[in-house]
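In: The following block contains a protein sequence and its predicted model.
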2 protein chains.
Amino acid sequence: MYLKAMAELSNHEAVATARLAEHLNVTPVSANEMVRRLSDQGLMIHTPYKGVTLTEKGRTIASNVIRRQRLWECFLYDYLKIEWARLYEMACSLEHATAPEVTEALAVFLGHPTVCPRGNPIPEADGSFTPLNGTTLNAITVGETVTVQAINATATDVLQYLYERRVLPGCTLTVIEAAPLQGPLTLKINEKEIVLGLSLAKFVITKPNPTE
Amino acid sequence: MYLKAMAELSNHEAVATARLAEHLNVTPVSANEMVRRLSDQGLMIHTPYKGVTLTEKGRTIASNVIRRQRLWECFLYDYLKIEWARLYEMACSLEHATAPEVTEALAVFLGHPTVCPRGNPIPEADGSFTPLNGTTLNAITVGETVTVQAINATATDVLQYLYERRVLPGCTLTVIEAAPLQGPLTLKINEKEIVLGLSLAKFVITKPNPTE
DNA sequence: TGAAATAATAAGGTTTGCCTTATAATTATC
DNA sequence: GATAATTATAAGGCAAACCTTATTATTTCA
């Protein structure tokens, strides 16, 4: 229950409860109740009409949740060959059920990976965490060529959609065109052109192309 | 919720609801409610004052639950080096959270093991299942030497107790003495003598010693 | 600034899986 | 066969995490 909220918040700071509700697929009212409970437990701070922030304590727990989740993603992908788009959802269930001893043993077994198959960093056991500093694809100027660093989505259908178009961590792409009025982007990936809506492009974290 | 009940039932047939309650650490009243719900779903049949039996459907689900559980036990033991006594409890949580694809991928990864680290057989993907046919240690006559085939316990403290005394699958032991009035057994294991209460001895499944 | 949009809160409801207490039915045992 | 022990069932409660429907604050922006 906690963690999902955290996972979302961990992005940056001050998250609107409406965003939380959206992410968790619950009504705004439920999200508010939830936030109150978690605030009461000292895990987050809710400033009405402003948003929600994690406390130190909350942040630590959230980091651990994300660590567990992403370690499982690595295992499921590298060893069990689970399909990429479903890693998140499956790792998410396992995460709930993972004791600390298992988390650390898993980290050792996997050789302490630093990123998950979606390209997102894995927090350390002590909770420390270097967030991605890349630019989301929707903010790239037309003509630029970039490398995809991570996919920040969690919904299986979104992941599936991006997977089918081979918009994956490590790939290189060029923004060919950005349609006006917040219209979709046209990209070139692997010599093929694809069209991607802006709302999906927001999930794609890029970094400057090393060869450029 | 279902599965725990199943896991218990799967032993043989017709389980008293009181045994279920005990095993699940709930009150008999709660166990009864549970049994009603599961009967309504067609997973078990409750004959009042007689006990509970699984239906075909129930048995299939139960087999799958046990399969998942024991595959995880193998993984946790062989790859993550989790301590033996805690395998059951940890695998139990993971079990709840395991999708069918993960179960089968795990079986492949592990090389389709046939027994778990506690020596219990792992059901096949189709639900088929060869139960252990050994004799419980409490029924062994004094003087006999047998090999431990499996430990049928699930409680961590029981497993820990047996582990500390090295009563583990594969070990060979001799029953030195059985105290009268259902008193404890004296056993010889690895040249050392230990004393084991009858209620614990019931968890130890043995087979005739091959060298005898 | 005032209306519309967004956010918060209040009130009351549902489901699930447990609980306690009490009573009724059945089975076991002397 | 009567009493004791076990099982079952009935009735009512609790907590968690949702929900809907209102109502009230606050912001935002034309």
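Out: Received the coordinates, thanks. None of these values were measured; they are calculated from a predicted model.

In: ok now do the residue most central in space within chain A, which residues does it touch?
Out: Centroid-nearest residue in chain A: residue A:152, 3.3 Å away (criterion: Cα atoms, centre = their mean). Neighbouring residues of residue A:152 by Cβ atoms under 8 Å, 6 or more residues apart in numbering or on different chains: A:11, A:118, A:120, A:132, A:136, A:202, A:203, A:204, A:205. For the C-beta atoms, the positions are set from N, CA and C on the backbone; glycine is no exception.

In: Residue A:49 too?
Out: Contact analysis of residue A:49 by Cβ under 8 Å, 6+ apart lists nothing.

In: okay, residue A:210: pLDDT?
Out: If you check residue A:210, the pLDDT there is 70.

In: On the three-state scheme, it is what?
Out: Recorded secondary structure, residue A:210: coil (DSSP: H, G, I helix; E, B strand; the rest coil).

In: That one contacts residue A:149, doesn't it?
Out: No: using Cβ atoms under 8 Å, residue A:210 makes no contact with residue A:149, being 11.3 Å away.

In: Neighbour count for the two, which is higher?
Out: Under the neighbour definition other Cβ atoms under 10 Å in any protein chain shown, residue A:210 and residue A:149 were set side by side, and residue A:149 has more, 20 against 7.

In: In which helix or strand does that one reside?
Out: Element membership for residue A:149 (DSSP states H and E) is strand A:145-151.

In: for whichever helix in chain A runs longest, packing partners?
Out: Ranked by residue count, the top helix of chain A under DSSP state H comes out as helix A:56-78. Contacts defined by 3 or more Cβ pairs under 8 Å, 6 or more residues apart in numbering or on different chains; DSSP states H and E place helix A:56-78 against helix A:2-9, helix A:87-96, helix A:100-110.

In: rank those helices by mean pLDDT and give me the bottom one.
Out: Looking at the helices and strands packed on helix A:56-78, the lowest mean pLDDT belongs to helix A:2-9 (a mean of 65).

In: Tell me the helix or strand right after that helix.
Out: The C-terminal neighbour of helix A:2-9 among helices and strands, as given by DSSP H and E, is helix A:17-24.

In: Remind me what that following helix packs against, helices and strands.
Out: The contact analysis (3+ Cβ pairs under 8 Å, 6+ apart) places helix A:17-24 against helix A:2-9, helix A:28-40, strand A:51-54.

In: Please list only the buried members of the contacts of residue A:152.
Out: Neighbour-count burial (16 or more other Cβ atoms under 10 Å in any protein chain shown) applied to the contacts of residue A:152 gives A:118, A:120, A:132, A:203, A:204, A:205.

In: Mark which of those are part of strands, please.
Out: Per DSSP state E, strands hold the following members of those: A:204, A:205.

In: Which one of the buried ones among the contacts of residue A:152 is nearest to residue B:39?
Out: Proximity of the buried ones among the contacts of residue A:152 to residue B:39 (Cβ to Cβ) peaks at residue A:118, which lies at 43.5 Å.

In: For that closest one, give me its contacts.
Out: The contact partners of residue A:118, taken as Cβ under 8 Å, 6+ apart, are A:73, A:87, A:88, A:150, A:151, A:152, A:153, A:159, A:169.

In: From residue A:18, how far out is the residue of chain A found nearest DNA strand D?
Out: Closest contact between chain A and DNA strand D, by Cβ to the nearest atom of the strand, is at residue A:30 (2.8 Å). Using Cβ to Cβ, to the nearest Å, residue A:30 is found at 12 Å from residue A:18.

In: what stretches of chain A score poorly on pLDDT?
Out: Counting by pLDDT under 70, chain A shows low-confidence ranges at A:1-11, A:211-212.

In: Near DNA strand C, which residues of it? Just list them.
Out: Counting by Cβ under 7 Å from any atom of the strand, chain A comes close to DNA strand C at A:16, A:17, A:18, A:28, A:29, A:32, A:36, A:46, A:48, A:49, A:50, A:51.

In: One more pass at 6 Å, please.
Out: A:16, A:17, A:18, A:29, A:32, A:48, A:49 (Cβ under 6 Å from any atom of the strand).

In: Max pairwise distance over those: which two?
Out: The widest separation within the residues of chain A next to DNA strand C (Cβ to Cβ) is 15.7 Å, between A:29 and A:49.

In: can I assume residue A:104 is in contact with residue A:124?
Out: No: the pair residue A:104 and residue A:124 does not pass the contact test of Cβ under 8 Å, sitting 11.0 Å apart.

In: Could you check how far the nearest residue to residue A:122 once chain neighbours are set aside is from residue A:88?
Out: Counting by Cβ to Cβ, 6 or more residues apart in numbering or on different chains, residue A:70 is the residue found nearest to residue A:122 once chain neighbours are left out, at 4.5 Å. Note on residue A:70: its distance to residue A:88, by Cβ to Cβ, is 9 Å.

In: same deal with residue A:58?
Out: Using Cβ to Cβ, residue A:58 is found at 21 Å from residue A:88.

In: any idea how far residue A:189 lies from residue A:96?
Out: Applying Cβ to Cβ, the value for residue A:189 to residue A:96 is 35 Å.

In: domain assignment for chain A?
Out: As assigned by automatic domain parsing, chain A contains the domains A:2-54, A:135-208.

In: Now for residue A:173, how many residues are close by?
Out: 25.

In: and what of residue A:84?
Out: Neighbour count of residue A:84, defined by other Cβ under 10 Å: 19.

In: Could you look up the SS state of the spatially closest residue to it that is not a sequence neighbour?
Out: Nearest in space to residue A:84, with sequence neighbours left out and distances taken as Cβ to Cβ, 6+ apart, is residue A:163 at 5.3 Å. Here residue A:163 is helix, with the state taken from three-state DSSP.

In: Make sure residue A:163 is actually in contact with residue A:85.
Out: Yes: assessed by Cβ under 8 Å, residue A:163 is found in contact with residue A:85 at 4.8 Å.

In: neighbour count winner among these two?
Out: Using other Cβ under 10 Å, the more surrounded residue of residue A:163 and residue A:85 is residue A:85, with 20 against 16.

In: Isn't that one up against residue A:154?
Out: No: in this structure residue A:85 lies outside contact range of residue A:154 using Cβ under 8 Å: 10.7 Å.

In: List, one by one, the residues from chain A near DNA strand D.
Out: Selection of chain A residues close to DNA strand D by Cβ under 6 Å from any atom of the strand yields A:1, A:26, A:27, A:29, A:30, A:33, A:34, A:37, A:49.

In: Out of those, which comes closest to residue A:62?
Out: Minimum distance to residue A:62 across the residues of chain A next to DNA strand D is 12.5 Å, recorded for residue A:1 (Cβ to Cβ).
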